[in-house]
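Asker: Following is a predicted model, sequence given first.
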Amino acid sequence: HLSKRLTQVAAFVPQGARLADIGSDHAYLPAALALKGRIQFTVAGEVAKGPYDNMVKEITENGLTKTIIPRLANGLAAIRPTDKVDTVVIAGMGGALIADILEKGRAQLAGVKRLILQPNVGEYRLRQWLLKNSYQIMDERLIEEDDHIYEIIMAEPSVVPFTYSEYELMFGPFLLEKKGPIFKQKWQEYQQRQNGVLQQMAGAKQPPQAKISQLKKRLKMVEEAIQ
Ligand code: SAM
């Protein structure tokens, strides 16, 4: 049984995909997809031994050793050319780490047609990487679960030129367009937190002016976005 967050990640995986799930931990996502007959083949990558052992256990217990191949590897190094992976999932990490994994593994992304990314924080950085590397965002979701709000970004290599505004990088082009109730909640919480940070900065003996003006600019963008 998948969490709400991973259910939405799974919903973006095309039927019959050749998947790589990087940082798979318990391999819950590929296991659920394989049991439903949704995927042909998956590489489940893990950099750490503990989570790798968890994956092996989950795969074996569910009789999925033919469909899910566990590999102990850093980032996209888990993917081999013969895997013919067309879909990559990286979920449950910071956006900066996800961008770093994508950047270091650009060679392995050559045949990949879809990226499904779920950054816990640092979405701006991640969207900046996508833009710079010509991956166009095709859809986005906001999911609320256990008092957390998660962003899920689905992107594909683009053949046509495109760009994103500062607003789209910060809020997400689809999320900004839709402005659903969770969007408001996410950014109102951001406002509250960052207003506190701003007050602390302003009250310091030597207020960090550059940081203050940058944060003020962001808060102004948030105010405009949620009004
Ligand atoms: N993807 C699962 C999910 O969304 O529920 C698990 C997320 S878990 C919080 C993050 C996992 O990513 C950890 O098991 C960690 O070992 C793994 N990880 C972190 N950096 C990695 C890297 N460079 N390559 C592969 N796995 C990595």
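Answerer: Yep, that arrived.
Asker: which stretch of helix or strand covers the residue lying farthest from the centre of the chain?
Answerer: Of all residues in the chain, residue 205 sits farthest from the chain's C-alpha centroid, using CA atoms, centre = their mean; the distance is 38.3 Å. Taking DSSP states H and E as the criterion, no element holds residue 205; it sits outside all helices and strands.
Asker: quick one, domains of this structure?
Answerer: Per the record's domain assignment (automatic domain parsing), the chain is made up of the domains 4-162, 183-226.
Asker: how far out from the middle of the chain is the first one?
Answerer: How far domain 4-162 lies from its chain's middle: 8 Å, per CA atoms, centre = their mean, to the nearest Å.
Asker: hang on, the earlier thing: so of the domains of the chain, which one's packed in deepest?
Answerer: domain 4-162 (a mean of 19; mean count of other CB atoms under 10 Å). In this view, the C-beta of every residue, glycine as well, is placed from N, C-alpha and C.
Asker: can you tell if that domain touches the ligand?
Answerer: Yes. Judged by CB under 6 Å from any ligand atom, domain 4-162 comes into contact with the ligand at 6, 22-25, 45-48, 51, 74-75, 91-93, 101.
Asker: Which pair of these spans the longest distance?
Answerer: 6 and 74 (22.4 Å; CB to CB).
Asker: In a markdown table, list the domains of the chain along with distance to residue 171 and mean pLDDT.
Answerer: Below are the domains of the chain laid out as a markdown table (distance: least, CB to CB, whole Å; pLDDT from 0 to 100):
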| stretch | distance to residue 171 | mean pLDDT |
| --- | --- | --- |
| domain 4-162 | 9 | 97 |
| domain 183-226 | 6 | 96 |
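Asker: Residue 168: which of those is closest?
Answerer: Judging the domains of the chain by CB to CB, what sits closest to residue 168 is domain 4-162, at 7.5 Å.
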